[in-house]
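Enquirer: Show me the folded form of this:
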Amino acid sequence: MTNRIILNETSYFGKGAIAEIVPEFRRRGFKKAAIITDKRLVEQGVAPKVMTLLDHVAIDYVLYDGIVPNPTIQNVKEGVAFVKKAKVDCLIAIGGGSPIDTAKAIGIILTNPEFSDVISLEGTTVTKKPSLPILAVPTTSGTAAEVTINYVITDETKQRKFVCVDPHDIPIVAFIDSEMMKGMPKALAASTGMDAMTHAIEGLITKGAWEMTDMFHLKAIEIIGQALEDSVNGNQKGREKMVLGQYIAGMGFSNAGLGLVHGMAHPLSAWYNIPHGIACAVLLPTIMKYNKEYTGEKYRDIARALGIEKASEMSLEAARHAACLEIDRLSKAVGIPATISELGVQAADIPAIAEDALRDVCTPGNPREATIEEIITLYQSLM
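Expert: Numbers count the residues shown, from 1 in each chain. The predicted model follows:
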């Protein structure tokens, strides 16, 4: 069997890393950029941190700030039209998963116009040309969209999210700067942080995991476990660690795949517009318990990475239980809702939502093969 690793060409880490955006822009010979972001990040002064750097050296750019949470097919099409008209040669994506994911879709369609319907990008699409170059500046500590070959778009007409997997969409440069996370609200730090933990845990136990991705995921679990609560409480050192931990998790799961948490989270976001990180976070403790008998020694590895005392000496069952308990504790400690009914989920919708979850591209990667009846029961247990 052949395993593959795809990562960014270049990434910068640390406080002030966004200052490298000008030298990178110049070194690559770009002439004009389209900034892809959302209105909130513009209004809060986050995106302008990058815009000021470009203005200072008279780099030409246009601003598209129309990105919405859980970006839709229409959102992508509008972005494509805007960027195409502006005649730019690169994209600068500033934000969490929504702006960066949308930038990936826009960039791919601009160089592969045969996919302009957007929906045909679903799954492991074989595009012919790399995306218009993307420079990614994440503003949350969770999605790792800046280092992955995946993006997620919402089909509003069918109330479903679809995942696109394409090596051609990965940003060529990422700027991982904790200063860009300073204004992140507590709830957003919690949900994106637990999303990052989900990436690390699901990536570790997914069917596509192997030694190199295990290395990434275990280190990510260790860093996130240590830093998440501090990050949520606004501690800047915690946020510096979190932004590194989530990136390392992205290095792994982008190359190994995910599982049932994401498979069940995607339809919750599509049906009720629940933020992706919250949907993953509320599901993770329950799905961990569901999977634990199918993971070999990996929950012991998780327990060790989380710093659980004497995890190496416990029975396997005790180690698995301890790992599940710690993730449950961490989720509650950062304020993640305990039930999906709190998020507006209706019991009558669950059978249809479960059908979407069963068909989701992430679900087959789960270590335990789930039936439609089991998925329905899992959702119901969280009501």
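Enquirer: and residue 94, what are its phi and psi?
Expert: Note on residue 94: its backbone torsions stand at phi -120, psi 120 [degrees, to the nearest 10].
Enquirer: State the distance from it to residue 18.
Expert: Distance, residue 94 to residue 18, by CB to CB, to the nearest Å: 9 Å. For glycine as for every other residue, the C-beta is placed from the backbone atoms N, C-alpha and C.
Enquirer: Residue 255 falls within a helix, correct?
Expert: Yes - counting by DSSP: H, G, I helix; E, B strand; the rest coil, residue 255 is found in a helix.
Enquirer: can you give me the strands for the stretch 1-150 of the chain?
Expert: Listed in chain order, the strands of the stretch 1-150 of the chain (DSSP state E, counting those that start in this stretch) span 10-13, 32-36, 60-64, 90-95, 134-138, 150-155.
Enquirer: Could you dump those strands into TSV and include mean neighbour count?
Expert: Compiled in TSV, those are given as follows (neighbours: other CB atoms under 10 Å):
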stretch	mean neighbour count
strand 10-13	16
strand 32-36	24
strand 60-64	17
strand 90-95	27
strand 134-138	27
strand 150-155	24
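Enquirer: mind putting those strands in TSV, distance to residue 125 included?
Expert: TSV is the format used below for the strands of the stretch 1-150 of the chain (distance: least, CB to CB, whole Å):
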stretch	distance to residue 125
strand 10-13	25
strand 32-36	20
strand 60-64	23
strand 90-95	19
strand 134-138	17
strand 150-155	11
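Enquirer: Indicate which one of those is closest to residue 171.
Expert: Ranking the strands of the stretch 1-150 of the chain by proximity to residue 171 (CB to CB) places strand 134-138 first, at 3.8 Å.
Enquirer: Could you list every helix and strand in contact with that closest one?
Expert: Helices and strands touching strand 134-138, by 3 or more CB pairs under 8 Å, 6 or more residues apart in numbering; DSSP states H and E, are helix 21-27, strand 90-95, helix 97-111, strand 173-176.
Enquirer: and the third one with strand 150-155, angle?
Expert: Going by axes from the mean of the first three to the mean of the last three CA atoms, to 10 degrees, helix 97-111 is angled at 90 degrees with respect to strand 150-155.
Enquirer: residues of helix 97-111 that come out buried?
Expert: Across helix 97-111, burial judged by 16 or more other CB atoms under 10 Å covers 97-110.
Enquirer: Please apply the same query to the first one.
Expert: Of the residues in helix 21-27, those buried under the neighbour-count criterion (16+ other CB under 10 Å) are 21, 24, 25.
Enquirer: I'd like to know how many residues surround residue 333.
Expert: Neighbour count for residue 333, taken as other CB atoms under 10 Å: 12.
Enquirer: my read: it touches residue 230, true?
Expert: No - with contact defined as CB atoms under 8 Å, residue 333 does not count as touching residue 230 (11.2 Å).
Enquirer: what's the spacing between residue 69 and residue 52?
Expert: Distance of residue 69 to residue 52, given as CB to CB: 25 Å.
Enquirer: neighbour-wise, which of the two wins?
Expert: More crowded of residue 69 and residue 52, by other CB under 10 Å: residue 69, with 16 against 11.
Enquirer: Tell me which residues touch that one, please.
Expert: 98, 273, 275 (CB atoms under 8 Å, 6 or more residues apart in numbering).
Enquirer: export those residues to a markdown table and tack on pLDDT and distance to residue 217?
Expert: A markdown table is the format used below for the contacts of residue 69 (pLDDT from 0 to 100; distance: CB to CB, whole Å):
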| residue | pLDDT | distance to residue 217 |
| --- | --- | --- |
| 98 | 92 | 24 |
| 273 | 90 | 29 |
| 275 | 88 | 23 |
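Enquirer: Include distance to residue 36 when you put these into JSON lines, please.
Expert: Formatted as JSON lines, the contacts of residue 69 follow (distance: CB to CB, whole Å):
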{"residue": "98", "distance to residue 36": "10"}
{"residue": "273", "distance to residue 36": "20"}
{"residue": "275", "distance to residue 36": "19"}
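Enquirer: what sits up against stretch 72-91?
Expert: Around stretch 72-91, the neighbours that count as contacts under CB under 8 Å, 6+ apart are 25, 28, 30-36, 61-62, 64, 66-68, 102-103, 105-107, 109-110, 116, 118-119, 132-135, 153-156.
Enquirer: Could I get the buried residue list for it?
Expert: Going by neighbour count (16+ other CB under 10 Å), the buried part of stretch 72-91 is 72-73, 75-80, 82-83, 88, 90-91.
Enquirer: thinking again about what came up before, tell me the one among the contacts of residue 69 nearest to residue 204.
Expert: Relative to residue 204, the closest of those is residue 275; by CB to CB it sits at 23.6 Å.
Enquirer: pLDDT score assigned to the residue nearest in space to the middle of the chain?
Expert: Nearest to the mean C-alpha position of the chain, counting by CA atoms, centre = their mean, stands residue 143 at 2.5 Å. For residue 143, the model assigns a pLDDT of 86.
Enquirer: residue contacts, it?
Expert: Residue 143 makes contacts with 96, 97, 100, 192, 195, 196, 246, 250, 276, 277, as judged by CB under 8 Å, 6+ apart.
Enquirer: for residue 364, same thing?
Expert: Contacts of residue 364 (CB under 8 Å, 6+ apart): residue 207.
Enquirer: quick one: which helix or strand includes residue 285?
Expert: Taking DSSP states H and E as the criterion, residue 285 maps to helix 276-291.
Enquirer: Counting by contacts, list what that helix packs against.
Expert: helix 186-205, helix 260-272, helix 316-333, helix 372-381.
Enquirer: In TSV, list those along with mean pLDDT and distance to residue 239.
Expert: Formatted as TSV, these follow (pLDDT from 0 to 100; distance: least, CB to CB, whole Å):
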stretch	mean pLDDT	distance to residue 239
helix 186-205	95	7
helix 260-272	96	24
helix 316-333	96	16
helix 372-381	98	32
